[in-house]
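[1] need the 3D shape of this:
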Amino acid sequence: MDTWWQSERKIRKYDKIEDYSIEPWGEKYYALYKGNCLICVTVYKKGAVEVMKRLSEAKEDDEVEARRFLESRPNGKEETK
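    Numbers count the residues shown, from 1 in each chain. Here you go, the predicted model:
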């Protein structure tokens, strides 16, 4: 019987969204990273992919809200004190 090594564990490559990546974590978990920073560990790859999608969508929503806020200001720019 062949010995299974963690280093031989392969996962299907997903399209990267921004700087996020999914990598194996231990024997049965998956880690979501943004660059070198660990964001979360999930049991299923599907969960890691969903978290990655939601984080990227939240960032896009925040950028839209910030743009709307700045456009609603009389001079269209941030106030400085």
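[2] buried residues in the helix-or-strand element of the chain with minimal mean pLDDT?
    Lowest on mean pLDDT, DSSP states H and E among the helices and strands of the chain sits helix 45-72, with a mean of 85. By 16 or more other CB atoms under 10 Å, the buried positions in helix 45-72 come out as 45, 47-49, 51-52, 55. From N, CA and C alone the C-beta is placed, and that goes for glycine too.
[3] residues contacting the residue nearest to the spatial centre of the chain?
    Geometric centre of the chain, nearest residue: M52, 3.5 Å, by CA atoms, centre = their mean. Taking CB atoms under 8 Å, 6 or more residues apart in numbering, we find M52 in contact with 14, 17, 20, 22, 32.
[4] and the second one, how many residues sit next to it?
    This means I17. Neighbourhood size, I17 [other CB atoms under 10 Å]: 15.
[5] wait, it touches K53, no?
    Yes. Using CB atoms under 8 Å, I17 makes contact with K53 at a distance of 6.7 Å.
[6] Y33 belongs to a strand?
    Yes. According to DSSP: H, G, I helix; E, B strand; the rest coil, Y33 belongs to a strand.
[7] so what's it closest to, chain neighbours aside?
    Spatially, and ignoring its direct neighbours in sequence, Y33 is nearest to S21 (5.1 Å; CB to CB, 6 or more residues apart in numbering).
[8] where does that neighbour land in three-state SS?
    Criterion first, three-state DSSP; result for S21: strand.
[9] okay, it: pLDDT?
    At S21, the model reports a pLDDT of 89.
[10] how close does it get to R73?
    37 Å (CB to CB, to the nearest Å).
[11] determine how far the last residue of stretch 34-49 lies from the first.
    Start-to-end span of stretch 34-49 (CA to CA, to the nearest Å) is 13 Å.
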